[in-house]
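Trainee: I would like the atomic coordinates for the input below:
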Amino acid sequence: MFAFNKKTKGLIGIACIDNGVTLGQCSWSKGVYTHPKLIRLDRNPRELTSDDWRSAIHDAGLSGSDCVVTLPPSMIHHQVLRLPEMSDSEIKEAASWEMSERFGIDRNKLQSEAIRIGSGGDVLALAIELDELECILEPIYAAGLRPTKVEAQCVSISRTFSMLHRRQSDQGKVRSLFNFGVHDSSFIILDGDSMVFYKQLHHKQAELLSAIESHTGVSEAQATSMLEEARFDGGEPAICKAVRDATRSIHEDITTDIMKCLRHYGVTNRGPLSSCMYITGKGGWNQFLGELLSTACNQEVSVDMQAPHISRLGHETLAVSGWHAVLGASLATMSGKPARRGEDHQLKEAA
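Mentor: The predicted structure is shown next:
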């Protein structure tokens with residue numbers, strides 16, 4: 001889980017996300033992020049050389065050699081399995097065989113992991129082909145970096161949104177998270193600092209842009225500008241109306257899928273339901289989607305930057321694609337949950 005030191009300096013985080021790579025590093029002190037440093041490379045991570053990695057580290061001013069790499073569903077196979085009660089080692093073994101059979105890949109050519117989610121016996125099985133993993137890691141090693149961990153993007157993002165929910169007393173504080181990317185999306189439910197529900201969704205920002213282009217006859221660049229103009233209340237009325245009309249059916253589909261996720265979680269898990277929802281990712285917040293979700297799900301729906309610890313991050317940081325994954329990866333080595341509430345005094349004020 002997490003260490004409760006007064007100040008923790010993170011490792012270098014590397015997030016392969018949204019058709020590129022985001023590198024970053026941050027510290028965590030007294031309930032807030034400090035000294036975040038990020039750099040974005042809009043290039044295929046499989047094509048980066050060791051010189052590219054070294055230059056990025058230097059340009060961003062990142063320090064150290066230990067790093068954590070977080071990868072998207074397009075690189076890591078995700079599958080939620082329902083397995084009987086068994087030990088962690090047995091669950092990992094069973095998940096490994098299941099992923100091999102489902103994707104038709106020799107088990108010896110896969111690196112796999114299994115994460116228990118929720119109280120209904122669900123397990124999130126993760127697997128990546130060794131050739132794919134080697135393609136990503138080899139130039140990173142050659143650049144002088146030392147990957148200490150490779151994890152799924154959903155794990156890193158969950159960590160980012162759990163930084164103020166790490167105490168024993170925070171268990172039972174359930175929130176949901178819609179991660180809306182350029183080419184993928186997912187819905188996550190968090191209980192304290194534990195992921196208790198995960199669902200990969202087919203929605204993506206590219207669909208919104210295509211709908212705006214088709215509805216208004218504008219270019220992709222103009223559609224991007226229009227979507228940005230309509231994100232929050234107060235934009236140009238004519239543009240906001242055009243965006244709303246063009247994207248309504250997609251936003252309704254997203255709302256329907258998220259409602260199904262919430263119902264499934266409510267049926268299969270014991271305990272409290274989600275009390276609030278955050279929307280994050282490059283596709284991110286849109287006022288019209290927020291309105292639909294708030295009404296349909298009967299809970300507060302907020303943009304990611306409204307989370308207390310995230311609100312202190314500057315616009316320069318939040319504008320970098322993949323910030324939510326890379327900051328989570330940077331703090332991946334924080335471990336160890338306190339046994340008693342009195343031991344987590346430095347988070348009381350922040351939380």
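Trainee: contacts, neighbours, all on C-alpha from now
Mentor: OK.
Trainee: how about the residue lying closest to Gln299 once chain neighbours are set aside, phi and psi?
Mentor: In space, and not counting its chain neighbours, Gln299 is closest to Cys276: 5.5 Å by Cα to Cα, 6 or more residues apart in numbering. Cys276 adopts backbone torsions of phi -160, psi 160, taken as degrees, to the nearest 10.
Trainee: where's Cys276 relative to Glu47, distance?
Mentor: Using Cα to Cα, to the nearest Å, we find Cys276 at a distance of 40 Å from Glu47.
Trainee: elements contacting the lengthiest helix in the chain?
Mentor: Criterion DSSP state H: the longest helix present in the chain is helix 237-268. Secondary-structure packing of helix 237-268 (3 or more Cα pairs under 8 Å, 6 or more residues apart in numbering; DSSP states H and E): strand 194-201, helix 205-216, helix 220-229, helix 287-297.
Trainee: kindly reformat these as CSV and extend each row with mean pLDDT, mean neighbour count and distance to Ser74.
Mentor: Shown next, in CSV, are the helices and strands packed on helix 237-268 (pLDDT from 0 to 100; neighbours: other Cα atoms under 10 Å; distance: least, Cα to Cα, whole Å):
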stretch, mean pLDDT, mean neighbour count, distance to Ser74
strand 194-201, 95, 21, 11
helix 205-216, 96, 19, 16
helix 220-229, 95, 17, 23
helix 287-297, 95, 18, 25
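Trainee: could these be laid out in JSON lines, adding distance to Asn269?
Mentor: Shown next, in JSON lines, are the helices and strands packed on helix 237-268 (distance: least, Cα to Cα, whole Å):
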{"stretch": "strand 194-201", "distance to Asn269": "8"}
{"stretch": "helix 205-216", "distance to Asn269": "30"}
{"stretch": "helix 220-229", "distance to Asn269": "36"}
{"stretch": "helix 287-297", "distance to Asn269": "17"}
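Trainee: of those, which is nearest Asp18?
Mentor: Closest to Asp18 of the helices and strands packed on helix 237-268, according to Cα to Cα: helix 205-216, at 10.2 Å.
Trainee: off-centre distance for that closest one?
Mentor: 24 Å (Cα atoms, centre = their mean, to the nearest Å).
Trainee: just the angle between that helix and helix 220-229, please?
Mentor: Here the directions of helix 205-216 and helix 220-229 differ by 100 degrees (axes from the mean of the first three to the mean of the last three Cα atoms, to 10 degrees).
Trainee: who are the packing partners of helix 205-216?
Mentor: For helix 205-216, the packing partners by 3+ Cα pairs under 8 Å, 6+ apart come out as helix 220-229, helix 237-268.
Trainee: to Phe178, which of those helices lies closest?
Mentor: helix 237-268 (8.3 Å).
Trainee: which of the residues in the closest one are buried?
Mentor: 239-240, 242-244, 246-248, 250-252, 254-255, 257-258, 261-262, 265 (16 or more other Cα atoms under 10 Å).
Trainee: what sits up against the very next helix or strand once past that helix?
Mentor: Note on helix 237-268: by DSSP states H and E, the next helix or strand toward the C-terminus is strand 276-280. The contact list for strand 276-280, computed with Cα atoms under 8 Å, 6 or more residues apart in numbering, reads 174-180, 285, 299-304, 324.
Trainee: swap in stretch 48-55?
Mentor: Counting by Cα under 8 Å, 6+ apart, Pro139, Ile140, Tyr141, Ala142, Ala143, Gly144 sit against stretch 48-55.
Trainee: can you rerun that using 10 Å?
Mentor: Residues from elsewhere that reach stretch 48-55, judged by Cα atoms under 10 Å, 6 or more residues apart in numbering: 21, 23, 41, 45, 56-59, 61, 135-145.
Trainee: where does the protein have low pLDDT?
Mentor: For the chain, the stretches flagged by pLDDT under 70 are 1-7, 168-169, 172, 335-351.
Trainee: repeat that for 50
Mentor: Scanning the chain for pLDDT under 50 picks out 1-5, 336-351.
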